[in-house]
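Asks: Need coordinates for the below:
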Amino acid sequence: MSGHAIEQRGAQAPLDTSADLSEVRDWIALLKPRVMTLVVFTAVVGLLVAPVALPPVIAIAAILCIAVAAGAAGAINMWYDRDIDALMRRTARRPIPSGRIEPGSALGFGITLAVASVAVMGLATNWVAAGWLAFSILFYVVVYTMWLKRRTPQNIVIGGAAGAFPPLIGWVAATGEVSLVPVILFAIVFMWTPPHFWSLSLWAHGDYARAKVPMLPVTHGARRTRREIMAYTVALVPLTLAPWAVGFSGPLYAAVALALGAGFLWQAWRVLREAQDAEGRSLAKDAAARGAFKYSLYYLFVLFGALAVDRLVFAG
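Replies: Numbering: from 1, shown residues only. You can find the predicted model right below:
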């Protein structure tokens with residue numbers, strides 16, 4: 001082989017590697033890894049605070065099943081929403097609308113992961129947990145993505161149940177049954193979802209309007225959305241004290257929940273009172289809504305983390 005050929009071959013190798021890595025990143029992006037992070041964390045907490053301790057290998061398998069199931073639902077969601085994703089700035093570069101992954105391949109990928117995650121969950125833990133895992137996938141794909149998202153501004157309210165299942169599934173993976181505490185954890189995430197996503201939709205309302213997705217700011221205006229964010233936050237804060245009220249957690253968790261709740265109420269108040277035009281649209285580039293959205297992410301992480309620490313360190 002000539003020196004020139006060797007040089008050419010050597011120059012092409014990094015390019016091929018880079019292309020392979022880019023393709024891998026696209027398949028990972030289908031799983032919505034940023035969303036998966038929060039899903040996995042709440043599931044881990046649900047499993048850790050359950051009264052039955054799983055062997056570490058089984059616990060890890062259960063969490064991986066929940067993570068894979070969440071990713072599978074995300075991939076099927078991207079397959080179904082590829083038309084509206086192409087119209088929105090923040091989603092136009094996703095792998096399917098940008099043409100980097102074929103829709104049929106993405107659908108097959110999602111279905112395969114969904115079936116595998118449910119089957120492994122049933123074999124590794126119990127079939128009650130597997131049933132809840134299957135139901136959560138179907139709820140997100142069929143109820144939220146295919147039915148609610150394009151039809152009603154209540155899409156986030158009702159569809160929020162899909163993201164609230166993980167702590168319940170983690171608990172059931174350990175215990176084999178549903179009881180009061182996992183239902184409370186489900187309710188907390190369920191009530192947290194509307195102010196979290198409506199804060200996002202306030203500053204992304206142009207995207208939703210362009211794609212004709214009936215998010216609340218598009219159908220009822222920014223002013224109504226601001227009031228709803230405040231109302232749901234007011235309802236959420238006392239609900240977060242329920243684990244302490246039923247004797248499941250101690251004063252550490254209660255103190256953290258109160259402090260975090262005060263912060264969330266302040267963020268919601270800033271969204272409500274932000275400088276607005278006559279239609280309730282922000283005159284400050286939705287700075288308050290962006291702040292509330294970011295705070296809501298940290299809020300849920302810290303709240304569930306405090307519950308785990310309270311149970312495992314102080315109650316244990």
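Asks: Please identify the buried residues of stretch 143-153?
Replies: For stretch 143-153, burial by neighbour count (16 or more other C-beta atoms under 10 Å) applies to 143-145, 148-149, 153. Heads up, the C-betas are built off the backbone N, CA and C, glycines and all.
Asks: Give me the contacts around it.
Replies: By C-beta atoms under 8 Å, 6 or more residues apart in numbering, the residues outside stretch 143-153 that reach it are 76-77, 80-81, 84, 154-155, 158-159, 162, 212-216, 218-220.
Asks: ok, the buried residues of stretch 143-153 vs Leu113, which is closest?
Replies: Thr145 (15.8 Å; C-beta to C-beta).
Asks: hang on, the closest one in a strand?
Replies: No - with DSSP: H, G, I helix; E, B strand; the rest coil as the criterion, Thr145 is located in helix rather than a strand.
Asks: what's the spacing between it and Val213?
Replies: 11 Å (C-beta to C-beta, to the nearest Å).
Asks: Which of the three states applies to Arg90?
Replies: Here Arg90 is coil, with the state taken from three-state DSSP.
Asks: wait, it sits on Ala204?
Replies: Yes - Arg90 lies in contact with Ala204 (C-beta atoms under 8 Å); the separation is 6.3 Å.
Asks: more crowded one of those two?
Replies: Ala204 (22 against 10; other C-beta atoms under 10 Å).
Asks: how close does that one get to Ile101?
Replies: Taking C-beta to C-beta, one finds Ala204 at 23 Å from Ile101.
Asks: Likewise for Met230?
Replies: Distance from Met230 to Ile101, by C-beta to C-beta: 40 Å.
Asks: Show the contacting residues for the spatially most central residue of the chain.
Replies: In the chain, the residue lying closest to the centroid (C-alpha atoms, centre = their mean) is Val35, at 4.1 Å. Residues in contact with Val35 (C-beta under 8 Å, 6+ apart) are 70, 74, 163.
Asks: Please enumerate the helices of the stretch 51-200 of the chain.
Replies: 56-80, 82-85, 103-124, 127-138, 155-159, 161-175, 180-203 (DSSP state H, counting those that start in this stretch).
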